[in-house]
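Chemist: I need the structure of the sequence given here:
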Amino acid sequence: IQDVMTNSLFVSHQGNDLNNCGNWTMPCRTVRHAVKMSNDGDQIYIDYAQGRPYMECENVTESTCSIELPKSVSFHGLYGKAEIRCKNGLRFFKIRSPSFNITRVKFFNLVISRSNTVAELDVGARTELVFNNTLITKNQIGGVRLQCLNLTARIISSTFKLSPLLLGNRGEFSTLRIVDHMSVPRNKTFIFLKNLLVENNYNKMSAVVLSAGYLKYTFVKVEMRDSILRNNSEALLVTTHRFAYSKSSPTIFLTNNTFVDNFYKYIKPKVAAALYFRSGKTRVSSCRFLDNRAGPNPYTAVVTISDEATVSFVDCYFANQQTSVQSNQLFASGFRTIKFIGKNTFNLIALKEEQSVFIHIPTSLSSGMIMRKDFKILCPQGYKLNPQQQCIGITNGMICFYINVQCEQCPTKTYTLQRGEFIFNKSNDIQCQQCPRGGDCGSGLVTAKPNFWGYKTKMKMVFVQCPPGYCCDSEDCVTYDNCHGNRSGTLCGQCPEGMSETLFSTQCISNTECSFNYFFIIGTIAMLILYLVFFLYHKEILSILRTSLFSKRLSFSINNRNKQRNNVSTGGNTSSPSGMIKIFFYYYQVCNLLRSSVGSSKKGQFIHNFENVISRVMNMVLVNLPSIKCPLKDLHAVPKAVILHSVGYCLLVLLSLLYFLSKLILILRRLGNGGDRRTALQHVTSTGSDLSSSASKSSFSQRVASAFTYISLLMYASSAKLCLSLLHCVPVGDNQVLFLDGSVKCYQTFQYFLLAYMITSILPFCVVPVLGSYLLKSGRIGVKQFCAACIFPLPFCCFWLYLLLKDCRCGNQGSYNTTEENDNAVRSEQDNDETQSLGSEEITFTSSIDSNETTSTRSEPAVCTDNNEVTSARSESAILSVLLGPFRPQQAFMCFPSSHIPWEGFLIFRRLVLIIALTFVYDIQLRLFAALILCVAILIFHMFVYPFQRKSDNKLESFSLGSHVVLCGSTLIKALYYGEDYSSFSKRLLVLNVIENILIVAPISIIMIVVIFSLAIKLATSHSFETWVKCDDDKISHITGEEVLKLSGGGDWHCAYVLLYGPRQLEILQETS
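Modeler: Here you go, the predicted model:
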């Protein structure tokens, strides 16, 4: 304010239009009155007033509406961009230059809106017009209308914008029109436009028209630089007018301008979306043409050059990545010369469809198009280039009389990695290749299908399947190497630096969110305890479930029917244990192998979580614990897999600790009974105590041996899958990388140790149940040796084979038990368990144990055995009950005597074969086809053998194996879909996913529903019975015969019998009846 000179006037809404207004204390109210008060060269400052506009055309007629400017005046917005406004249809400022003086009009920091034309230069006006940091908006015809003799126009950092709301996306004429309207001789025309922003103009004519008239003595200087023309219809038209003959014509310069998102929506020739050259000479330097939309007419381009225009392009850049409309970049015709000098690039990143992108059509007198060596046209990826040209070479370049460059898209199901290129006068002859398996080829591009990751080789694209959850799992993967979440690297195998893998998913989270807390320890210990309780007391648990589901009377009748069926099917063996646990675990273990083989299925969150929990529990993998995402920082895929699959090993260690702890307690108890000096009474008492402790020890040892065997068998799939996954390598380029973590190259030190463990433990374990069961029954090995063989199978299997071959060579067949003796040993274990827990798999009521069924498993009769031998015998029978109990007898073969079918070894072997096939067969379709053949072969073999003693177990196993065949077939179909372009089949994948979900969720869901429903009925029935009669001790002592008749007549005869004789007599009555 202090710098303002005395020839300044001020305008504010607080002022009044008086004769002496204009100073700080008494400003004028309108700009119109301030102009009247001003002198030549004055400055008018307009108060911003919080954006409140100054209405300058109120109460005026059309003839008097324009503000006359016959003098030099400058307008300045004060404290902000002050807005001055007029009515639509009225001209705002009319500039004249009397006496041929130069009138200098300048606008600074203003908003001028809602008029017909902002500034109209009168005929004959000599004017210097400056717009600086000014917004020209919402004007009907345009910003400036020029009809002057000589003009110096400086438009710097200003914006010309039409409102699409007011004018319906269309104005009448140009936003900025600089053109000579009269053929009056000119001696000077100077137009300089800089930092101009012209955007959002939708007009009938070009948004900006540069037209210069000249004679042979006329000096013409027209330049537009550092400006942006955005989102206009027909952005810029350049032309010159020659009023008389002249040997030379002036050159219009366009320097460092940007044309972006301009368009042309009509179908007519000789127009352009961004820049149209009608006539004259123009030099276009360092300009950029980005995403301009020319439309479907091939004669309409981003840049169109007419017959009479001569244009030189220097270091210009054309780019297009929009796909809404076609966009030919350049169309030229005529006989004038067109030059491309320096580095000119047409970079077509994307196109709507195949089209011509560069056309020059000659005439009979064509001078051609001259191109230097740095001229380049690049088609989008997935397009090949097809040039049609008639060119001849010249010094440092070539001249083309006809050229038509087309970008042709690769056909469906083909792709190309290279871009079609036209460099100077040659094009690269690229060929479209067939779409690779695992890739999705559309529009000539190749992207990854769900759960695949691709990499480039020299000439083609190769896809490999990712581990589940690593790669892109959607149907619209953007690139060939998309990863899920924040994952990155080869096969998306790692998390970025500073991030860690979550323990129960494939997501990557920051290390700051990872912490080893007590919840993880407590949750893991609780899970291990639940596993131990189940395997130690699985018979009692199943017994409790069965007695909870049915009343004693119903259980009794079901038990009798089961006995009758088993007598028919097993030849009188009424105590064959059920193989339901094995069938159930093996079913879900194989399902998990097949489900994780290919593809990604869209499932609800609940279904996904439910299936995940089932799969982890049945495979003995650490279950997702709530609020535990990342217990360790910088957790990678390999240590994560080891942690998750360590459940089985932890259970074996805990069982061993429990066994040694029980022995230690027994030793301490014996030591506590006193020294050698004991009386006869103390001796008798201690002997009874020893017998009691021996019985408890024998029972616990049986549980530990049975649980150890079960865990060793059921954890095999998890252990084998862990070892094989850490040995599974896939080729990526010239390297072999770990499938589980593509950032790890193969042949690491830990893999050699794993290979040794695989050879010594995993592979020979299949033989342990077969050889171990025979030798254990014959007394050639003990329980400890069998348990050690479960940990280190290879040396023990070699030793056992030596024993069998030795006996076979010597013909020592008599040392082995017959079928009846072996079955007695197995049934002895089962009947003992039934006595303790009312049956393992069914409810039986047994009053005593036959002395014949409590004999040792040895072939020699034991007249007197110590406690350790009895404990060992019972432990052996517990192991044999797990290995051989559910299976039916067989005839002798080779060196083995008649015994049960060693089906347990086959169960392990078939899972090993499936795991190996699904891990190491590289081709995904061949992998699933091999798995399908294996599943069918397993089903057929089972139907031929029927290995289980119980018909219900054989039927259940048949259903389980049949479900595996269906699931494998469904997975194979998905492998075909994900590996090939079977887009028409995509809708049917939903049906396959539903079928798979039913096969996975239905069995466990039915069991849970039946248990819950039966328990609810049981509770409701029990509650109603308790309200009717209370079977307590008082009733038993005071019951009368009439009350017994009432109770029995009411339908609850067994409760009445309990009231009279007690529960044990009821069991005896049920057995005898």
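
Chemist: G523: neighbour count?
Modeler: Residues near G523, counting by other CB atoms under 10 Å, number 18. Any C-beta I mention is one placed from the backbone N, CA and C, and that applies to glycine too.

Chemist: can you verify it is assigned to a helix?
Modeler: Yes. Counting by DSSP: H, G, I helix; E, B strand; the rest coil, G523 falls inside a helix.

Chemist: what about stretch 593-602, average pLDDT?
Modeler: On average, the pLDDT along stretch 593-602 is 64.

Chemist: and the gap between V590 and R293?
Modeler: 57 Å (CB to CB, to the nearest Å).

Chemist: who's more crowded, these two?
Modeler: Per other CB under 10 Å, whichever of V590 and R293 has more neighbours is V590, with 26 against 19.

Chemist: contact partners for that one?
Modeler: R911, L914, H964 (CB atoms under 8 Å, 6 or more residues apart in numbering).

Chemist: repeat that for F948.
Modeler: Neighbours of F948 in contact, by CB under 8 Å, 6+ apart: G579, P886, F887, R888, W903, N954, E957.

Chemist: please report how far the fourth one lies from G579.
Modeler: For R888, the distance to G579 (CB to CB) stands at 11 Å.

Chemist: and for the fifth one?
Modeler: Separation of W903 from G579 (CB to CB) stands at 9 Å.

Chemist: repeat that for the last one.
Modeler: Distance of E957 to G579, computed by CB to CB: 7 Å.

Chemist: doesn't E501 make contact with Q507?
Modeler: Yes. With contact defined as CB atoms under 8 Å, Q507 and E501 form a contacting pair (7.5 Å).

Chemist: which one's more surrounded, these two?
Modeler: More neighbours surround E501 than the other of Q507 and E501, with 24 against 17 (other CB under 10 Å).

Chemist: hey, what's K221 bridged with?
Modeler: Counting by DSSP bridges, K221 is bridged to F190.

Chemist: list the residues that contact T345.
Modeler: T345 is in contact with C316, Y317, F318, K376, I377, L378, counting by CB under 8 Å, 6+ apart.

Chemist: same question, Q322
Modeler: Q322 neighbours (CB under 8 Å, 6+ apart): D291, R293, A350.

Chemist: what pLDDT does it get?
Modeler: As predicted, Q322 sits at a pLDDT of 89.

Chemist: hang on, it in a strand?
Modeler: No. Read with three-state DSSP, Q322 is coil and lies in no strand.

Chemist: hang on, K745 packs against V732?
Modeler: No. Look at K745 against V732 with CB under 8 Å: they stay out of range, at 9.6 Å.

Chemist: for stretch 33-52, what is the distance to the chain centroid?
Modeler: The chain centre lies 63 Å from the centre of stretch 33-52; the measure is CA atoms, centre = their mean, to the nearest Å.

Chemist: mean confidence for that stretch?
Modeler: 92.

Chemist: show me what counts as buried in it.
Modeler: Across stretch 33-52, burial judged by 16 or more other CB atoms under 10 Å covers 33-35, 37-38, 42-49.

Chemist: measure it end to end?
Modeler: End-to-end distance for stretch 33-52, by CA to CA, to the nearest Å: 18 Å.

Chemist: what lies in contact with that stretch?
Modeler: Contacts for stretch 33-52 (CB under 8 Å, 6+ apart): 4-5, 7-14, 17, 19, 21-22, 27-28, 31, 54, 67-69, 71-84, 110.

Chemist: are any of these buried, and which?
Modeler: Here, 16+ other CB under 10 Å leaves 8-12, 17, 21-22, 27-28, 31, 54, 67, 69, 71-78, 81-84, 110 buried among those.

Chemist: what segments of the stretch 551-700 of the chain are helices?
Modeler: Along the stretch 551-700 of the chain, the stretches classed as helices by DSSP state H, counting those that start in this stretch are 552-570, 580-595, 605-618, 637-644, 647-671, 680-714.

Chemist: name the helices or strands packed onto the next helix or strand after the longest one?
Modeler: Following the chain from helix 680-714 toward its C-terminal end, the next helix or strand by DSSP states H and E is helix 716-727. In this structure, helix 716-727 packs against helix 580-595, helix 637-644, helix 647-671, helix 749-757, helix 903-920, with contacts taken as 3 or more CB pairs under 8 Å, 6 or more residues apart in numbering; DSSP states H and E.

Chemist: okay if I get those as JSON lines plus distance to A930?
Modeler: JSON lines is the format used below for the helices and strands packed on helix 716-727 (distance: least, CB to CB, whole Å):
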{"stretch": "helix 580-595", "distance to A930": "12"}
{"stretch": "helix 637-644", "distance to A930": "24"}
{"stretch": "helix 647-671", "distance to A930": "27"}
{"stretch": "helix 749-757", "distance to A930": "23"}
{"stretch": "helix 903-920", "distance to A930": "5"}
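
Chemist: right, and the ones you listed - which one's nearest F944?
Modeler: Taking CB to CB, helix 903-920 is the member of these nearest to F944, at 12.5 Å.

Chemist: ok, K745 and V732, which is more surrounded?
Modeler: Taking neighbours as other CB under 10 Å, K745 and V732 compare with V732 leading, 17 against 14.
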